[in-house]
Each structure stands twice: as structure tokens, then as C-alpha cells.
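Colleague: give me a 3D structure for the following:
(chains A, B and C)
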Amino acid sequence: MEKSFFQQVWDVVIKIPHGRVTSYGAIAEFLGSTGSARMVGWAMNSSKNTPKNIPAHRVVNRNGLLTGKQHFGGRDIMADLLRSEGIVVEENKIVNFDSCFWDPSFEL
DNA sequence: TGATTGACCAACT
DNA sequence: CAGTTGGCCAATC
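Modeller: Reported below is the predicted structural model:
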């Protein structure tokens, strides 16, 4: 059985270290194409459809902006979760994004 | 069953 | 500098 694109995304996101973040494009590129970045977002949306707990709050856009925070059910749930992990978030974006950025192709 | 959208990114105009 | 297009895969209308 071959994993679908979504399952591969989940597998990578789950392996993100605590207190670390990554971008949709990084995951998509790791999987093969930057064009699949949109699918990563969809995978997050479907993440609730899987028994695995997907730390989608650790996945942000290329600018470190919390684009999908609105999908967390609340307004600043995503930012609050990131702050809880030691990540500095301000105005819906990660301040030290460059410091806590995690590249799947680099550490995985 | 075909067309559109979707939490993106990069390049082109 | 800002707006548009192409790309990728899957789900929803």
C-alpha cells in the first residue's frame, strides 16, 4: 500500500521537533514539487480525519505567517500553541521564524 | 462526471 | 511595484 500525498504530509509534520516550525513549500518541495504546497494545506484540513494528531500549528507559509490560524477553530489558537512551544509570534507571524525553521530534507 | 476551490509558491507580465 | 498565471493533488459542488 502506497501512502497518499496527504499521508506523506502528515508523516513529515508529525516528525517536526518540538519548538520548531516549517513551511508548506518546504514539505511540498521535500515531497517532490513546490506546486503541491496547496495540498499540504488540504492535508492539514483533512488532518482531523486521521487518528494521528497533526501539529498543523507548526506549519506556516513561506513568510512565517500564520495563514491557516483561522482553521484552528479559534482566532489565535495557532499563535497560542506556537508561543506555548517557545516560538515568538506577533501579528500572526513568527518573529524568529528563521531561527526555529525546520527543514525536513535537512534533519529528516 | 466535469468544473471549481483550497491553510501555497514562484515566475512572469 | 502589483496583479495574473501556472503548477501540483485531492475534495467538494
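
Colleague: which residue does chain A have closest to DNA strand B?
Modeller: Relative to DNA strand B, the nearest point of chain A is A:G68 (1.9 Å; Cβ to the nearest atom of the strand). From N, CA and C alone the C-beta is placed, and that goes for glycine too.

Colleague: which residues touch that residue?
Modeller: Applying Cβ atoms under 8 Å, 6 or more residues apart in numbering to A:G68 gives the contacts A:41, A:44, A:56, A:59-60, A:78.

Colleague: mark which of those are part of strands, please.
Modeller: A:59-60 (DSSP state E).

Colleague: closest to A:F6 out of the contacts of A:G68?
Modeller: Using Cβ to Cβ, A:M44 comes nearest to A:F6 of the contacts of A:G68, at 9.3 Å.

Colleague: spatially nearest residue to the closest one (excluding sequence neighbours)?
Modeller: A:A56 (4.2 Å; Cβ to Cβ, 6 or more residues apart in numbering).

Colleague: hang on, the one you found packs against A:I14?
Modeller: No - A:A56 is beyond contact range of A:I14, at 10.4 Å (criterion: Cβ atoms under 8 Å).

Colleague: which of the two has more neighbours?
Modeller: The neighbour comparison of A:A56 against A:I14 (other Cβ atoms under 10 Å) goes to A:A56, with 23 against 13.

Colleague: any idea of the pLDDT on the closest residue to A:F101 other than its chain neighbours?
Modeller: The shortest distance from A:F101 to any non-neighbouring residue, by Cβ to Cβ, 6+ apart, is to A:V21 (6.2 Å). Listed pLDDT for A:V21 reads 97.

Colleague: does A:V21 really touch A:S99, like I thought?
Modeller: No - the pair A:V21 / A:S99 is not scored as a contact, 9.7 Å apart, by Cβ under 8 Å.

Colleague: of these two, who's got more company?
Modeller: Ranked by neighbour count (other Cβ under 10 Å), A:V21 and A:S99 place A:V21 first, with 25 against 11.

Colleague: and the gap between the residue of chain A with the smallest separation from DNA strand C and A:Y24?
Modeller: Residue nearest to DNA strand C within chain A: A:G35 (2.8 Å; Cβ to the nearest atom of the strand). Here A:G35 is placed at a distance of 11 Å from A:Y24 (Cβ to Cβ, to the nearest Å).
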